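Q: Kindly generate the corresponding structure for this input.
(chains A and B)
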Protein chains: 2
Amino acid sequence: MSDTFVVVGGDAAGMSAASKAKREDPDLDVIVFEKGEWVSYAACGMPYYVKGDVDELDDLVTVTPEEFREKRDIDLRTNAEVVDIDREAKTVTVETREGTEEQPYDDLLVATGASAIEPPFDGFELEGVFTIHDMGEADAIEDDVSERDLETAAIVGGGYVGIEMAEALAARGFDVHLYEMLPHVLQPFGEAVAEIVEDHLREQGVELHLETAVSGFVGDGRIEAVELEDETVPADVAIVGVGVTPNTDLAERAGIELGPTGAIATDQYGRTNDEHVYAAGDCAEATNVVTGEPDHVPLALTANRAGRAIGQTVTGDPTPTGGTAGTAIVKAFDLGAARTGIVDEGRAREAGFDPVSVTISASTRAHYYPDGAELTVTLVADRESGKLLGGTVVGRDGAKRIDTVATALTAGMTVAELQNADLAYAPPFSPVWDPILTAAKVLNGKLE
Amino acid sequence: MSDTFVVVGGDAAGMSAASKAKREDPDLDVIVFEKGEWVSYAACGMPYYVKGDVDELDDLVTVTPEEFREKRDIDLRTNAEVVDIDREAKTVTVETREGTEEQPYDDLLVATGASAIEPPFDGFELEGVFTIHDMGEADAIEDDVSERDLETAAIVGGGYVGIEMAEALAARGFDVHLYEMLPHVLQPFGEAVAEIVEDHLREQGVELHLETAVSGFVGDGRIEAVELEDETVPADVAIVGVGVTPNTDLAERAGIELGPTGAIATDQYGRTNDEHVYAAGDCAEATNVVTGEPDHVPLALTANRAGRAIGQTVTGDPTPTGGTAGTAIVKAFDLGAARTGIVDEGRAREAGFDPVSVTISASTRAHYYPDGAELTVTLVADRESGKLLGGTVVGRDGAKRIDTVATALTAGMTVAELQNADLAYAPPFSPVWDPILTAAKVLNGKLE
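A: Next up, the predicted model:
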């Protein structure tokens, strides 16, 4: 009798783990329980479906349930919710349309994901008010904005999702109002990026309401306006994207420990406090490569990578899940903005560093070559050690240059070492000193 | 009396050194002797001047002689050729239009650059036959192709310069024939890149003559044809770009030692065998970060970086010149191709490695996002240590992703470490696993 690997949750982390485990050990029984209908879909693609860049919701599915079942020989059960874990007996309780069943496991992966935060707004239940965190919601938004003659959209929250949805709905012809409680959008990207993105959003016709708290939505059956502290602003549809919270209930009830971030605590192999229970993806912590401390980075690559590593580990080949640098990139109309590592000076100090930072702007091409775009780069380092802590970039072209900084963070480089990286130069692609190198050079000068 | 820093050669390495030294120590006398007219110009931009993307040759000048003299307070002398170095007396002999003079130095930088190789072709002296390695030549080519009604261009050599000039002359309406002695163009990029570039060159109408040796040019006063082993092919103009050779005569005559590559040997600070004589740029060696051995990489960033470091060192702050990974990138019509590190398996074996490599192709964007382009990535690693040795990329978009590989080489990462780099993902910019990560994943699987 072969071992059984049970996975709870059929998205990035869960399906990566299931696929890898089965590929490494074809004799292993791999069972995935997904409470919904959709598995292995690109949540990050949903704004582009609403925008109209992606024709069918199905296009966002990376691998279909049939492929998992037939080609990969994974026992995938959709509409099957795991409601209880008995760690003593090593079984899970599963509710399906047919009833309740018990499933034994040898190793278990909790990949329950995260949920969109729903602030305690009045009128959240009104028609035309949405969050966007799963395919059902993306579908509902698309239906809603396609079927009605709507004019004004309210986006609540200036994070990735808010900005991507602002672009999507502007492309659909809406007058877009974006509400952000904090002084700036894209808080994790720092001020240098935020100010450039904010100017661009305004240029594109988005009405920005910064430092503006939404208290609720008003309407008769359907939303008609957004309620602020001292005014109401008309809105025909509202998207609330104020962040996500890890789905930890199932794990907590089974006595699985959470970490300081509120997500499930794991070791370098993705193991929880129970050696037969792993956690990965948006519900779990990962180790920040800069601080060495637990971090909660609910992003796709971290989930895929951790899932894949755990799939390998449960077949007897212990594989670290890899750290996270918190690297993220977002398209805001014609701009790309990206971040990695520790950008916020307060957070750097909390982690025991003495942060020094510079912000420079430079062309992405040789000065004489046509169509160069300005890239603004911020780098942050620790004064004493010279260790690179993080960085951001923003511009019309070249936002993927953040990968150079992210790689340097993964390698634990100092700014002096990054300054000596032999990056590629030819006039159509870069100035002699790539903007990242120029920033490193200036920052290194400040450290000396 | 302050010290005197003398620089021989007024391009990338020389002017970087002069500028940095003067900025660090304003009391230092900094004298630059440049035998020609032009200083601090972007030789890499010359093909784009011929193509017509750059309006004026002057646009390629980064800093003008007046700016060096007036703003940077550098004693820059053009049309002044250093013909001799007396290391005992610590003087150089300089020939100018006014005559010959002696100039004492405390520290000396030899930044004499490289020259285009002129193979022993018959008919090299014919009108319409050019190399392209300085601004005078770029100007002459532009004049020649503008003033005459020419139809067919011969490019001899399929390296960077040959390919860039093929693009430039095709854009000017020429029928372009490109002759390469070796089985493939872009030899330092390896076969995977070469084959893709060759297909693209043919699609763009370039007549490729691979494994074809040119023996000379024929014509009556002006070139009329290219002479091959067993045929002659009509040509109205010819550009010979078969590589460069370091200008080491001046240094050699003064007893400065050359290294195994034939360029001037230097230590990590750019010092030659004479502690008061430095060498940098296209005439000098640099340390390869992968092999730790001397290498000759006549490219702009290496020159700028070494010059800048030497400028700092001579003011009393010893600064390593930084290694080279041999990173290079080239535009070939609509393609970008790039390389870094050790790509050639033979060369890897010579350096004591046991090379393993993979080549993968992947989209530069999420599969459902519009306008993704295919990027082909090759990574090479050492079997036993897992150490990353080098890589190449080629595609219509994303060639600057080579910087991730170059940074990993500078940091001395293994493939397993690169596989865990936290690179940026969002659908408009990358698939979840960036093509570089996919290649690392596949290569790592092969190493296990």
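Q: Can you give me the distance of the residue lying closest to A:Val277 once chain neighbours are set aside to A:Lys20?
A: Nearest non-adjacent residue to A:Val277, counting by C-beta to C-beta, 6 or more residues apart in numbering or on different chains: A:Leu108, 4.9 Å away. Where you see a C-beta, it was placed from the backbone N, CA and C, and this is true even at glycine. Distance of A:Leu108 to A:Lys20, computed by C-beta to C-beta, to the nearest Å: 16 Å.
Q: who has more neighbours, these two?
A: A:Leu108 (27 against 22; other C-beta atoms under 10 Å in any protein chain shown).
Q: I'd like to know which elements the helix or strand hosting the more buried one is packed against.
A: Per DSSP states H and E, A:Leu108 falls inside strand A:107-110. Using 3 or more C-beta pairs under 8 Å, 6 or more residues apart in numbering or on different chains; DSSP states H and E as the contact criterion, the elements in contact with strand A:107-110 are strand A:4-8, helix A:12-24, strand A:277-279.
Q: Swap in 7 Å and give it another go.
A: On a contact count with 3 or more C-beta pairs under 7 Å, 6 or more residues apart in numbering or on different chains; DSSP states H and E, strand A:107-110 meets strand A:4-8, strand A:277-279.
Q: Would you quantify the distance from the residue nearest to A:Val277 to chain B?
A: Separation of A:Leu108 from chain B (C-beta to the nearest C-beta, to the nearest Å): 24 Å.
Q: Contacts only, for that residue.
A: A:Leu108 sits next to A:Val6, A:Ile85, A:Val92, A:His276, A:Val277, A:Tyr278 when contact means C-beta atoms under 7 Å, 6 or more residues apart in numbering or on different chains.
Q: Strand partners (parallel or antiparallel) of the next helix or strand after the strand holding A:Leu108?
A: The element immediately downstream of strand A:107-110 (helix or strand, assigned by DSSP H and E) is strand A:114-116. Counting by DSSP bridges, the strands paired with strand A:114-116 are strand A:244-246 (antiparallel).
Q: List the residues that contact A:Phe130.
A: So A:Phe130 contacts A:Glu137, A:Ala140, A:Ile141, A:Ile239 (C-beta under 7 Å, 6+ apart).
Q: Just the element for it, please.
A: A:Phe130 belongs to strand A:129-131, assigned by DSSP H and E.
Q: Format the contacts of A:Leu108 as JSON lines; extra columns: neighbour count.
A: Converted to JSON lines, the contacts of A:Leu108 look like this (neighbours: other C-beta atoms under 10 Å in any protein chain shown):
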{"residue": "A:Val6", "neighbour count": "26"}
{"residue": "A:Ile85", "neighbour count": "24"}
{"residue": "A:Val92", "neighbour count": "24"}
{"residue": "A:His276", "neighbour count": "13"}
{"residue": "A:Val277", "neighbour count": "25"}
{"residue": "A:Tyr278", "neighbour count": "31"}
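Q: which of those sit farthest apart?
A: A:Val92 and A:Tyr278 (13.4 Å; C-beta to C-beta).
Q: what's the residue in the stretch 151-300 of chain A positioned nearest to chain B sitting at in phi/psi?
A: In the stretch 151-300 of chain A, no residue comes nearer to chain B than A:Ala300, which is 4.8 Å away by C-beta to the nearest C-beta. The phi/psi pair for A:Ala300 (degrees, to the nearest 10) reads phi -60, psi -40.
Q: how many other residues sit next to A:Lys314?
A: Small correction: residue A:314 is Val, not Lys. A:Val314: 28 neighbours (other C-beta under 10 Å).
Q: From chain B, how far out is it?
A: 17 Å.
Q: close enough to count as contact, that residue and A:Phe5?
A: Yes - in this structure, A:Val314 is within contact of A:Phe5 by C-beta atoms under 7 Å, at 5.2 Å.
Q: okay, and the common contacts of these two?
A: What both A:Val314 and A:Phe5 touch, as defined by C-beta under 7 Å, 6+ apart, is the set A:Ala21, A:Asp107.
Q: And stretch A:232-240, what's buried?
A: Neighbour counts over stretch A:232-240 (16 or more other C-beta atoms under 10 Å in any protein chain shown) mark A:Val233, A:Ala235, A:Asp236, A:Val237, A:Ala238, A:Ile239, A:Val240 as buried.
Q: domain ranges for chain A?
A: A:4-115+A:245-313, A:118-242, A:334-447 (automatic domain parsing).
Q: which of the ones you listed is buried the deepest?
A: domain A:334-447 (a mean of 22; mean count of other C-beta atoms under 10 Å in any protein chain shown).
Q: anything in that domain near chain B?
A: Yes - using C-beta under 7 Å from any C-beta of the partner chain, we find that domain A:334-447 touches chain B at A:336, A:338, A:340, A:366, A:368-370, A:399-400, A:402-404, A:406-408, A:410-411, A:413, A:417, A:420-430, A:432-433.
Q: Rounded mean pLDDT for that domain, please.
A: Across domain A:334-447, the average pLDDT comes to 97.
Q: now stretch A:17-30
A: So the average pLDDT for stretch A:17-30 ends up being 97.
Q: one step back: any chance of a markdown table for the domains of chain A, columns distance to B:Asp295?
A: A markdown table is the format used below for the domains of chain A (distance: least, C-beta to C-beta, whole Å):
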| stretch | distance to B:Asp295 |
| --- | --- |
| domain A:4-115+A:245-313 | 31 |
| domain A:118-242 | 37 |
| domain A:334-447 | 11 |
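Q: sorry, back to before: off-centre distance for the strand holding A:Leu108?
A: Strand A:107-110 sits 22 Å away from the centroid of its parent chain (C-alpha atoms, centre = their mean, to the nearest Å).
Q: For the stretch 151-300 of chain A, just list every one of the strands.
A: Assigned by DSSP state E, counting those that start in this stretch, the strands in the stretch 151-300 of chain A fall at A:152-156, A:175-179, A:207-209, A:214-220, A:222-228, A:232-234, A:237-240, A:244-246, A:277-279, A:286-287, A:294-295.
Q: all helices for chain A, in order.
A: With DSSP state H as the criterion, chain A has helices at A:12-24, A:46-51, A:65-66, A:135-147, A:160-171, A:190-203, A:249-253, A:300-313, A:345-350, A:402-410, A:415-419, A:435-447.
Q: Let's have these in JSON lines, adding distance to B:Ala284.
A: Supplementary listing: these in JSON lines, determined by distance: least, C-beta to C-beta, whole Å:
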{"stretch": "helix A:12-24", "distance to B:Ala284": "48"}
{"stretch": "helix A:46-51", "distance to B:Ala284": "50"}
{"stretch": "helix A:65-66", "distance to B:Ala284": "61"}
{"stretch": "helix A:135-147", "distance to B:Ala284": "58"}
{"stretch": "helix A:160-171", "distance to B:Ala284": "47"}
{"stretch": "helix A:190-203", "distance to B:Ala284": "38"}
{"stretch": "helix A:249-253", "distance to B:Ala284": "60"}
{"stretch": "helix A:300-313", "distance to B:Ala284": "41"}
{"stretch": "helix A:345-350", "distance to B:Ala284": "39"}
{"stretch": "helix A:402-410", "distance to B:Ala284": "26"}
{"stretch": "helix A:415-419", "distance to B:Ala284": "20"}
{"stretch": "helix A:435-447", "distance to B:Ala284": "20"}
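Q: residues in contact with A:Thr340?
A: A:Thr340 neighbours (C-beta under 7 Å, 6+ apart): A:Ala325, A:Gly326, A:Thr327, A:Gly390, A:Gly391, A:Ile402, A:Val405, A:Ala406, A:Leu409, B:Asp422.
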